Every structure is written in structure tokens, then in C-alpha cells.
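Engineer: here's my sequence, what's the structure:
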Amino acid sequence: MSRGVVRRRVGDVHAVCGVSFDLHENETLGLVGESGSGKTTLARTVLNLERATSGSVRYGGRELTELSRRRMRPLRRDLQIVFQDPYASLDPRISVHEIIAEPLRIHGRYGTQGTDEVRELLRLVGLNPEHGNRFAHEFSGGQRQRIGIARALALRPG
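Structural biologist: Coordinates of the predicted model:
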């Protein structure tokens, strides 16, 4: 942590320390905690988006902390995050359809059925498929949370 105009170092912050858990096939983990408690840091570390300073993260018998970005990419199809704050987690500049389609496009799975898949995901979370043409700011907090869930389910995580 740093303070002041000169940004002198005044101490270290340990966002995540001493965490251990096991998840088995078809299980879901929910992280709940105060703001700044390390929920996002832990999730980003599990996805190898942030490097762990110690310990290990294993998935499917593989040590994720040792994998390159390129080798992690296919594994991220199975590992998805639904953020707690639906207001901050959805890009206000793109339509709901594009928000949900983005992971499909990134992983080369949008194809000719992409529009139908997005419409089905909207139905799955209790939203009208026509809502795909709207923008996130047009929805309530609960509806935005559903959009985030639809996006996380787009790649059919294991």
C-alpha cells in the first residue's frame, strides 16, 4: 500500500491468505464477504488471471499456477465468474445480446447458432429473448444479475 503525493510504501495488504477448498464435478462455489475481503482476487487467482504468490491451484489434475495464458485459455471455458455487483460487471456500451455472446465469440463457439444460443440463455435465466437488443442500464439489479449468470453459462461450464 502507498500513501501521499510521492507514493511512499507504508505496508503490505494480504488480500487472500490461507484459503483452502475442494470442489468436485458439477459443484459451484459462492464467495461472500465484505468489500475488499479478497473475493475477486481469489476468483482471479483461481482463473490464473492473477499469479498466486504461494500455494497451488489444481483443476482436473493440473497445476494452474504453472500454466501459460495460452494453456489456460481452454480451461477457462469450464471456469466462470458471476460478479456480485451487476451494475459494475456489465459493459453499458454494448447490447445484452453482445454481453452474453462475448465469451462464445472469444472461444470460437458463436458460429451460425450463436443468436439462438443467446436467446435460449436469456430464456433459461427468466428473461425475454427480445431483451437482447436492450442495454444493461435498462434493467433492474436482479435482471442485470440474471444477464451476468447467462453470460457465465454461455460456455456451458463443467
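Engineer: domain assignment for this structure?
Structural biologist: 2-70, 96-153 (automatic domain parsing).
Engineer: turn those domains into JSON lines, including distance to residue 76, mean pLDDT and mean neighbour count.
Structural biologist: Using the backbone N, CA and C atoms, a C-beta is placed for each residue, glycine as well. Shown next, in JSON lines, are the domains of the chain (distance: least, CB to CB, whole Å; pLDDT from 0 to 100; neighbours: other CB atoms under 10 Å):
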{"stretch": "domain 2-70", "distance to residue 76": "6", "mean pLDDT": "81", "mean neighbour count": "11"}
{"stretch": "domain 96-153", "distance to residue 76": "8", "mean pLDDT": "95", "mean neighbour count": "16"}
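Engineer: adding distance to residue 88, write those out as JSON lines.
Structural biologist: Putting the domains of the chain into JSON lines (distance: least, CB to CB, whole Å) gives the following:
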{"stretch": "domain 2-70", "distance to residue 88": "11"}
{"stretch": "domain 96-153", "distance to residue 88": "10"}
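Engineer: quick one, which of those domains gets closest to residue 80.
Structural biologist: domain 96-153 (3.9 Å; CB to CB).
Engineer: out of the domains of the chain, which is closest to residue 82?
Structural biologist: domain 96-153 (4.7 Å).
Engineer: just the helices in the chain please.
Structural biologist: Assigned by DSSP state H, the helices in the chain fall at 39-46, 69-76, 96-106, 114-124, 141-153.
Engineer: among these, which comes closest to residue 25?
Structural biologist: helix 69-76 (14.4 Å).
Engineer: alpha carbons of the closest one, as PDB, please.
Structural biologist: The C-alpha trace of helix 69-76 is given here as PDB (Å, rounded to 0.1, in the frame of the first residue of the first chain):
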ATOM      1  CA  ARG A  69      -2.000 -17.800 -20.700                       C
ATOM      2  CA  ARG A  70      -2.300 -19.800 -23.900                       C
ATOM      3  CA  ARG A  71      -2.600 -23.200 -22.000                       C
ATOM      4  CA  MET A  72      -5.100 -21.700 -19.600                       C
ATOM      5  CA  ARG A  73      -7.500 -20.400 -22.300                       C
ATOM      6  CA  PRO A  74      -9.300 -23.800 -22.900                       C
ATOM      7  CA  LEU A  75      -9.700 -24.400 -19.200                       C
ATOM      8  CA  ARG A  76     -11.400 -21.000 -18.700                       C
END
